[in-house]
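A.B. asks: fold the following.
(chains A and B)
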Amino acid sequence: MLSAHERRILDAFVDAMIPPAEDGLGPSGLECDVPARFERYLESMPPAQRKLVPLSLWALEFYPIALGPLPRLFSSLGRRERARALFRLEHHTFYPLRQGYMALKLFSFLLWAEHPAVAPAFGYGEHCR
Amino acid sequence: MSAPPGIQLGASRDEDHEAQVCVIGSGAAGGVIAKELSERGISVVVLEEGSWFDKDDYGKWPPSETFRRIYRDAGTTMAMGGPRSPAIALPLGRAVGGSTVVNGGVSYRTPPDVLDVWEKAGVPYPRDVITRAFERVEDVIQVRPTREEVMGGSARAFRRGADKLGLSTHPMKRNTPTCQGCCRCIFGCPEDHKKAIHLSYLPRALAKGARVLAECHAEELLFEGERATGVVARSSSGALVTVRARSVVLALGAIQTPIFLGRHGLGGRSGALGKNLAIHPSARVLAEFDEPIDGHKGAFQGLFCDAFEDMGLKLNGIFLPPGLMGAQLPYVGARARQALTRYRHMGAFGVMVSDESVGRVVDAPWGPHIHYSLHPRDKELLVQGVVQAARIWFAAGARRVFPAFRGLAVVEREKDLAKIDPRRVAATDLELGAFHPMGTCRLSPDPRAGVVRPDFRHNEVEALHVVDASWFPTSLRVNPQVTIMAFATLAAEEIARSLG
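C.D. replies: Prediction:
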């Protein structure tokens, strides 16, 4: 579904967006296999929406070269710089760029928070079982 | 997953069926038509593109699996405007029961002033007839106000703030009489407490002999001269399913119905096909409290505030599952995780506008394209609504509020809300969703102005009826399921009469 390079960008995105942390919420996005599950989810999307994901990933990859924080590809940045780049996107005025970023963020958090190693930390729906 | 008797999943070989009426779509409109006609002794076949699911399915699925299986386009349907208008998420159900399987269960009658407008637009029914239809629907789907014990911590906190400001709130009326407050309505009620169409209307239709052919995508209308005589559908396994009928009823929803008609060259004469789209654009306002409020322990939509209805604004309670909450919070990386550790401290409320924006649905090469540019009036109203909801959150004691604007992601002090000028916020600064498409086959007594006649018959074809929200002449201002169901009840009378 994604090329090897696109998958590397997605890995870099998920690693920066949901890094390992000792906060009681469980493993990181990569440890929860979010990129692979994201790829599987893509198979369910209609072609038009599906094509927007690689586009968003490539925009993300070249974005730091044009707009910082360092003039390098996103996937080659360290985690800290990637997180800084993503935070800028959170409020970017160029709407298509921000929208693509928001879509990647949405699916990353959706797939991470429902992972069996993470979901119990939130207790969502537990009280009904 | 095993469907009840009368519901057939994905025909494996070519089949021919005969019925007096063939209904396309099994949601809020199609399910009602099936039940009302079956109870009159009229034979009905319902074609449904989605599959049958029950609580044993979606009760165990994680959210992404539900989006993938029960939502059209895996939940990624979007309304897109021009470069100055935001993309608006428009999730739609795709299952036996339609969007009623995955909505919040909110059940309100058409507001009287909207009925006044519709009367002038050609809706012919006297008010007492419409009222009886509402009562009939509310009885079948068991509409009740949300009980206090399942109101949820987020709604209670919001109500506390509204009370302090002297703003009126009310428990939301919903079709979930025995709700236990799992907050999972949008993923299908895991305990069948929500009386969605597949648990209320369809069982009654099946008991009277109606048949539902699920996983069958309607492809072609059959005609004899100017008269619709059936439908050809393709099942998920590729088999052709032909249903011959004396009357065909379109209940595919306001996005798919105009596409289906357009592919048959029907409805274009009026110039209204696919146009006049309203969606009720909505924003979300999150809040964080010092103390846990446990918003996730309660109804997904338990409360609403009607204090701003004269402006065209409604504040509706919602709550978000953790993944969607994480995506909404304006943080990245470890900070985002840190914010999510406060999930039990979070509140959420929605702001819904009865839109003046007018969109359209176009049959593009890649499928239905939903074009919707946010009108400046609606944009300003949404911003005003977000500010009002934020004020209420602060009055409730929120530590900080997240208004979901670009450039103003977090507000720590109420006085900072005064700096927000709705005219200076760009439409693309807003993160919006919408859930109520309507109006794309507008009803009108004038065939030059509408696609559907006042008796729900199509203007150009005999024995073809349109009964979903696409016939609505205007935006509605409330969640549409009861309106759709009540008028489908009246449409069923018209259809029965036309069959003699």
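A.B. asks: mean pLDDT per helix and strand in chain B: which one sits at the bottom?
C.D. replies: For chain B, using mean pLDDT, DSSP states H and E, the weakest element among its helices and strands is helix B:55-58, scoring a mean of 90.
A.B. asks: buried ones in that helix?
C.D. replies: B:57-58 (16 or more other CB atoms under 10 Å in any protein chain shown). In this view, the C-beta of every residue, glycine as well, is placed from N, C-alpha and C.
A.B. asks: helices or strands up against it?
C.D. replies: helix B:63-70 (3 or more CB pairs under 8 Å, 6 or more residues apart in numbering or on different chains; DSSP states H and E).
A.B. asks: so the helix it packs on, near chain A or not?
C.D. replies: Yes - on the criterion CB under 8 Å from any CB of the partner chain, helix B:63-70 is in touch with chain A at B:63-64, B:67-68.
A.B. asks: now the residues you listed: which count as buried?
C.D. replies: Going by neighbour count (16+ other CB under 10 Å), those have B:63-64, B:67-68 buried.
A.B. asks: next one: the nearest residue to residue B:402 once chain neighbours are set aside from residue B:390, what distance?
C.D. replies: Nearest in space to residue B:402, with sequence neighbours left out and distances taken as CB to CB, 6 or more residues apart in numbering or on different chains, is residue B:286 at 4.1 Å. Going from residue B:286 to residue B:390 by CB to CB, to the nearest Å gives 10 Å.
A.B. asks: give the residues shared as contacts by the two.
C.D. replies: Shared between the contact lists of residue B:286 and residue B:390 (criterion: CB atoms under 8 Å, 6 or more residues apart in numbering or on different chains) are residues residue B:401.
A.B. asks: between the buried ones among the residues of helix B:63-70 next to chain A, which is nearest residue B:170?
C.D. replies: Minimum distance to residue B:170 across those is 28.6 Å, recorded for residue B:63 (CB to CB).
A.B. asks: got the contact list for the closest one?
C.D. replies: Counting by CB under 8 Å, 6+ apart, residue B:63 makes contact with A:110, A:114, B:187, B:321, B:323-324.
A.B. asks: which stretches in chain A count as helices?
C.D. replies: A:4-17, A:34-42, A:47-67, A:79-90, A:95-113 (DSSP state H).
A.B. asks: the stretch 401-500 of chain B too?
C.D. replies: Taking DSSP state H, counting those that start in this stretch, the helices of the stretch 401-500 of chain B run over residues B:481-499.
A.B. asks: show me what contacts residue 81?
C.D. replies: Chain wasn't specified; assuming chain A. A:64, A:69-70 are the contacts of residue A:81 under CB under 8 Å, 6+ apart.
A.B. asks: ah, I was thinking of chain B
C.D. replies: Contact partners of residue B:81, counting by CB under 8 Å, 6+ apart, are B:87-88, B:359, B:371-374, B:427.
A.B. asks: will you turn those into a markdown table that also has distance to residue A:124 and neighbour count?
C.D. replies: Listed next are the contacts of residue B:81 as a markdown table, based on distance: CB to CB, whole Å; neighbours: other CB atoms under 10 Å in any protein chain shown:
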| residue | distance to residue A:124 | neighbour count |
| --- | --- | --- |
| B:87 | 27 | 20 |
| B:88 | 25 | 23 |
| B:359 | 33 | 28 |
| B:371 | 35 | 18 |
| B:372 | 31 | 28 |
| B:373 | 35 | 19 |
| B:374 | 31 | 26 |
| B:427 | 32 | 23 |
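A.B. asks: point to the residue nearest the middle of chain B.
C.D. replies: residue B:436 (4.1 Å; CA atoms, centre = their mean).
A.B. asks: same deal with chain A?
C.D. replies: Note: chain A centre (CA atoms, centre = their mean) maps to residue A:14, 3.9 Å.
A.B. asks: how about stretch B:360-372: buried residues?
C.D. replies: In stretch B:360-372, counting by 16+ other CB under 10 Å, buried: B:360-361, B:367-372.
A.B. asks: who touches that stretch?
C.D. replies: Contact with stretch B:360-372 is made by A:46-48, B:77-81, B:85, B:88, B:90, B:254-256, B:258-259, B:262-263, B:274-277, B:279, B:357, B:359, B:437, B:440, as judged by CB under 8 Å, 6+ apart.
A.B. asks: from those, which ones fall inside helices?
C.D. replies: Counting by DSSP H, these place A:47-48, B:256, B:258-259, B:262-263 in helices.
A.B. asks: so which of these is the closest to residue B:232?
C.D. replies: Residue B:232 lies nearest to residue B:263 out of the ones in helices among the contacts of stretch B:360-372, by CB to CB, at 12.5 Å.
A.B. asks: who does the residue nearest to the closest one when sequence neighbours are not counted form a beta bridge with?
C.D. replies: Once flanking residues are discounted, residue B:263 sits nearest to residue B:363: 6.5 Å by CB to CB, 6+ apart. Legend: beta-bridge partners of residue B:363 under DSSP bridges are residue B:368.
A.B. asks: what does the pLDDT read for residue B:363?
C.D. replies: On pLDDT, residue B:363 comes in at 95.
A.B. asks: go on, residue A:5?
C.D. replies: With respect to pLDDT, residue A:5 has a value of 98.
A.B. asks: just for the chain, where's the confidence low?
C.D. replies: Going with chain A. For chain A, applying pLDDT under 70 flags the ranges A:129.
A.B. asks: nope, chain B
C.D. replies: Applying pLDDT under 70 to chain B picks out residues B:1.
A.B. asks: switch to 90 and redo it
C.D. replies: B:1-2, B:58-60, B:82-84, B:267-269, B:312, B:366-367, B:404-409, B:500 (pLDDT under 90).
A.B. asks: can you list the domains in it?
C.D. replies: Chain B breaks down into these domains under automatic domain parsing: B:7-56+B:65-105+B:108-142+B:192-276+B:440-499, B:145-174+B:282-356+B:375-429.
A.B. asks: strands of the stretch 1-150 of chain B, start to end?
C.D. replies: B:7-9, B:15-24, B:44-47, B:78-80, B:88-89, B:144-145 (DSSP state E, counting those that start in this stretch).
A.B. asks: is it true that residue B:12 touches residue B:237?
C.D. replies: Yes - using CB atoms under 8 Å as the test, residue B:12 is close enough to residue B:237 to be in contact (5.1 Å).
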